[in-house]
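In: sharing a model prediction with you, sequence too.
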Amino acid sequence: MERSESIKEIANALCKFQQEVGKVKKDSKNPYFKSKYASLADILDVIQKPLSECGLSIMQMPKGENELETILMHNSGEWILSSYAMRPVKNDPQSIGSCITYQRRSVSYTHLRAHETE
């Protein structure tokens, strides 16, 4: 993890965001594991408005072969950057795309501490 020299403003904004963000519904089904999960689209729908209202934004980009780089930015100029590596099951476009989506969903959910509900 890397960060700007100061994180005072972004930390306060993240606290406010976590108080305001709604619950993310587990509306997607994984037939293989017979489980439900929150889709990336649903997570982004729930977090976008409160992020903006708190002066926060998030950007995620693939990096290297199997990494996802996520930067959480605040309108003060402060930021927190993290990288997350995950190996796809197969080395084909479908598996790589699925891996990137899984990374984005996991990182968006865990870094921002959005709450999940059935």
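Out: Thanks, I have the structure now.

In: now the helix ranked longest in the chain: mean pLDDT?
Out: Ranked by residue count and defined by DSSP state H, the top helix of the chain is helix 93-112. The pLDDT scores in helix 93-112 average 84.

In: from the chain's centroid, how far away is that helix?
Out: Remark: helix 93-112 is offset 8 Å from the chain centroid, using C-alpha atoms, centre = their mean, to the nearest Å.

In: now for that helix, which elements pack on it?
Out: Applying 3 or more C-beta pairs under 8 Å, 6 or more residues apart in numbering; DSSP states H and E, one finds that helix 93-112 makes contact with helix 8-20, helix 40-53, strand 56-63, strand 67-74, strand 79-85. To be clear about C-beta, it is placed using only N, CA and C from the backbone, and glycine gets the same treatment.

In: nearest to residue 108, out of the ones you listed?
Out: helix 40-53 (5.1 Å; C-beta to C-beta).

In: how far does the closest one sit from the chain's center?
Out: For helix 40-53, the distance to the chain centre is 10 Å (C-alpha atoms, centre = their mean).

In: which outside residues touch it?
Out: 17, 20-25, 27-28, 57-58, 101, 104-105, 108-109, 112, 114 (C-beta atoms under 8 Å, 6 or more residues apart in numbering).

In: can we see that at 10 Å?
Out: By C-beta atoms under 10 Å, 6 or more residues apart in numbering, the residues outside helix 40-53 that reach it are 13-14, 16-28, 37-39, 56-58, 60, 72-73, 75, 100-106, 108-109, 112, 114-116.

In: stretch 58-69 too?
Out: With contact meaning C-beta under 10 Å, 6+ apart, stretch 58-69 is reached by 2, 40, 44, 47-48, 51, 70-73, 79-88, 91, 96-97, 99-104, 106-108, 111-112.

In: out of those, which end up buried?
Out: 40, 47, 51, 70, 72-73, 79-80, 84, 88, 96, 99-100, 103-104, 107-108, 111-112 (16 or more other C-beta atoms under 10 Å).

In: for this protein, which residues score under the pLDDT cut-off?
Out: Along the chain, segments meeting pLDDT under 70 span 109-111, 113-118.
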